[in-house]
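Asker: Provided below are the primary sequence and the corresponding predicted coordinates.
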Amino acid sequence: MDYQVISDRLVRSLKPSAAPVAISFHGREDRGLAPRLKLDSPEANEHGRTGQVPAGCVFWNEGQTRTFSTVASDHGNCSVGSYTHGFLSLEDALKKDDIKAVFEAGWVDEESVMGLPRIDGNPNFVVYGPLSERDVAPDVVLLRINGLGLMKMKDAFPEMRIEGKPSCHIIALAKQQSAVVASVGCALSRARTGMRSDEVVCAVPGNRLLDAVEKVEAAVELDLNMAGYASTDAKRFGP
């Protein structure tokens, strides 16, 4: 599969606000697929929590323009994301100070965290990068789209789930359940990634990527036809 062509087709159909990002999870034997991202990590807080970025979702930004790998410690500042990405056990995640902070604020409760999906297999590292640069299938493709893009995705996949907080769990849903899923985002992720207010994120399983492109293209064509009909019909009502 030519992933440059696939990426171009997705961009043409959905007009995302950023390049489609390919994400894949790997064991120790796959090390060397991409250079590790090297950013300056801040000093750990009083509870020992730090990482290369404030949260794993920030790697979505970095992955729009370059291909790189990350390890568990790179994701360590966000315990929810470390859990959903298979780096941290639920027991350990629930002990972290950032998890306790969202509990104390009432933003989520323990039952909600316990119900989150999680990447299986305790991966050793994650590779991020532009879909256009891939030569092998990713596990998940992440798209940043607006309301119109979300409409097109929902037309293409009527069964598509639209999730809420936290944003990162749609990656696990796409990989583990082979689900096409969108998220309206969460306050933490939006603050950390700089997502615009009109943006949402959507995750497409890598094993459904070609099917997704074809269905989205068909939905876009049908929508254009119906929009043309509606525009012509509206002219009866004047300017």
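Answerer: Right, received. Where do you want to start? Numbers count the residues shown, from 1 in each chain.
Asker: Please settle this for me: is Lys175 part of a helix?
Answerer: Yes. Under DSSP: H, G, I helix; E, B strand; the rest coil, Lys175 sits within a helix.
Asker: The residue nearest to it when sequence neighbours are not counted: neighbouring residues, count only.
Answerer: Closest residue to Lys175 apart from its sequence neighbours, by Cβ to Cβ, 6 or more residues apart in numbering: Asp139 at 4.8 Å. Quick note: C-beta positions are derived from backbone N, CA and C, even for glycine. When neighbours are defined as other Cβ atoms under 10 Å, Asp139 has 21 of them.
Asker: With His85 instead?
Answerer: Applying other Cβ under 10 Å, I find that His85 has 25 neighbouring residues.
Asker: On the pLDDT front, check the nearest residue to it once chain neighbours are set aside for me.
Answerer: Using Cβ to Cβ, 6+ apart and skipping residues adjacent in sequence, the residue nearest His85 is Ile119, 5.3 Å away. If you check Ile119, the pLDDT there is 96.
Asker: ok, and the closest non-adjacent residue to the most centrally placed residue in the chain?
Answerer: Among the residues of the chain, the one closest to the centroid is Leu142, at 4.3 Å (Cα atoms, centre = their mean). Distances taken as Cβ to Cβ, 6+ apart put Val21 closest to Leu142, at 4.5 Å, once the chain neighbours are dropped.
Asker: Quick check: beta-bridge partners of the one you found?
Answerer: Pro130, Leu142 (DSSP bridges).
Asker: Make sure it is actually in contact with Leu131.
Answerer: Yes. Counting by Cβ atoms under 8 Å, Val21 sits close enough to Leu131 to count as a contact (6.7 Å).
Asker: Next, show the common contact partners of these two.
Answerer: Here Val21 and Leu131 have Val141 as joint contacts, going by Cβ atoms under 8 Å, 6 or more residues apart in numbering.
Asker: pLDDT averaged over whichever strand or helix holds Asp233, what's the number?
Answerer: Following DSSP states H and E, one finds Asp233 within helix 209-234. Helix 209-234 shows a mean pLDDT of 95.
Asker: Flag every buried residue along it.
Answerer: With burial defined by 16 or more other Cβ atoms under 10 Å, the residues of helix 209-234 counted as buried are Leu209, Ala212, Val213, Lys215, Val216, Glu217, Ala219, Val220.
Asker: Val200: which of those is nearest?
Answerer: Val216 (15.2 Å; Cβ to Cβ).
Asker: quick one: that closest one from Thr67, how far?
Answerer: To Thr67, Val216 is 24 Å away according to Cβ to Cβ, to the nearest Å.
Asker: Asn61 is in contact with Thr193, isn't it?
Answerer: Yes. Counting by Cβ under 8 Å, Asn61 does reach Thr193; the two are 5.7 Å apart.
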